[in-house]
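K.L.:
Need coordinates for the below:
(2 chains)
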Amino acid sequence: EDQVTQSPEALRLQEGESSSLNCSYTVSGLRGLFWYRQDPGKGPEFLFTLYSAGEEKEKERLKATLTKKESFLHITAPKPEDSATYLCAVQANTNAGKSTFGDGTTLTVKP
Amino acid sequence: DAGVIQSPRHEVTEMGQEVTLRCKPISGHNSLFWYRQTMMRGLELLIYFNNNVPIDDSGMPEDRFSAKMPNASFSTLKIQPSEPRDSAVYFCASSLIGQSPNQPQHFGDGTRLSIL
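P.N.:
Got it, this is the predicted structure:
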C-alpha cells in the first residue's frame, strides 16, 4: 500500500527565515510526486511534479527536490503570503491517475 | 479557462435528509475524483472515474454514498440518508490520465457539508 508521511505537521517561521518541509513516501514504482498548496476555504492548488530522483523544480521562493525515499519543499526567505497548508501526493506506476496524499504541513509565516 | 466547478459551496441539512453534491470537471479532462477532507482523516479519496466509468470506489464509506458520472462534463455524489459523521468538506478534482508527462489533479473549491 502506498504511503505518504509529511513533517512537521505545523511550522511557524518569521518572515525571511528559510526552512524545509519533508515528504517521505513508499510506493510500488513512482510515477510522479506532486506538491500542492491549500489555502483556507479553497481546494488544493498544484505547485510541482517531480518524476525521478535528483530532479528539482523551482517557483519563486519555493524549490522542490526528490530522492528515492523523500521529497523536500524548500522555502527561501518566506513572506506572510506563503502561509498555507502544503500537501504532498504520490502516484504509482500500477495505478495511473490515483494519488495518495499526505496529511500536509501547515506553514505560518509571521511578519 | 474555467476550473473545476462545484456546487453548492455550503450545505446545511438535518440528519436523514438526502444530500447531492455536484461537480463540473475541466473540459478535456478524462478523469474525475471525489475526495472528503476532515481534520481527523485528512484528504481521503472516495471514488474516481476514468472516461465516465467508475474505476475505484474502495474509499466510499458505505452504501449510503453513491456517485455517478452520466457524461464527461458532470458528476454527482449523493448521500442518503445523511448522518452527522458525514460532515466534512467534499472536493472534486479532474485530471488528464494517460498523458506524458504525468498530469496533476485540479481541484474545485469544495462543498462544506454540515449534517445537524
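
K.L.:
On the three-state scheme, the residue nearest the centre of chain B is what?
P.N.:
Centroid-nearest residue in chain B: B:Trp34, 2.7 Å away (criterion: Cα atoms, centre = their mean). Per DSSP: H, G, I helix; E, B strand; the rest coil, the local secondary structure of B:Trp34 is strand.

K.L.:
Go ahead and confirm it touches B:Tyr48.
P.N.:
Yes - shown here, B:Trp34 and B:Tyr48 form a contact pair, counting by Cβ atoms under 8 Å, at 7.2 Å. In this view, the C-beta of every residue, glycine as well, is placed from N, C-alpha and C.

K.L.:
What's opposite the residue nearest to the centre of chain B in the beta bridge?
P.N.:
Bridge pairing for B:Trp34 (DSSP bridges) gives the partners B:Ile47, B:Cys92.

K.L.:
Could you tell me what pLDDT the model assigned to it?
P.N.:
Per-residue pLDDT puts B:Trp34 at 98.

K.L.:
What segments of the chain are strands?
P.N.:
As the question left the chain open, I've gone with chain A. In chain A, the strands defined using DSSP state E lie at A:3-7, A:10-14, A:19-26, A:30-38, A:45-50, A:56-59, A:62-66, A:70-75, A:84-92, A:99-101, A:105-110.

K.L.:
oops, chain B please
P.N.:
Using DSSP E, strands in chain B cover B:5-7, B:10-13, B:19-24, B:31-38, B:42-50, B:53-56, B:65-71, B:74-79, B:88-95, B:106-107, B:111-115.

K.L.:
Show residues contacting the fifth one.
P.N.:
Yep, that's strand B:42-50 we're talking about. A:44, A:87, A:97-104, B:30-38, B:54-57, B:59-61, B:65, B:67, B:69, B:75, B:77, B:91, B:97 (Cβ atoms under 8 Å, 6 or more residues apart in numbering or on different chains).

K.L.:
residues near A:Gly41, how many?
P.N.:
A:Gly41 is flanked by 10 other residues according to other Cβ atoms under 10 Å in any protein chain shown.

K.L.:
before we move on, the earlier item: how much space between the residue nearest to the centre of chain B and A:Leu47?
P.N.:
22 Å (Cβ to Cβ, to the nearest Å).

K.L.:
now do B:Glu62
P.N.:
Counting by Cβ to Cβ, the gap from B:Glu62 to A:Leu47 is 34 Å.

K.L.:
out of these two, which sits in the busier spot?
P.N.:
For B:Glu62 versus A:Leu47, neighbours defined as other Cβ under 10 Å are more numerous around A:Leu47 (18 against 8).

K.L.:
For chain B, what lies in contact range of chain A?
P.N.:
Contact residues, chain B versus chain A (Cβ under 8 Å from any Cβ of the partner chain): B:4, B:31, B:33, B:42-43, B:45, B:48, B:50, B:55-56, B:91, B:93, B:95, B:97-98, B:101-102, B:104-110.
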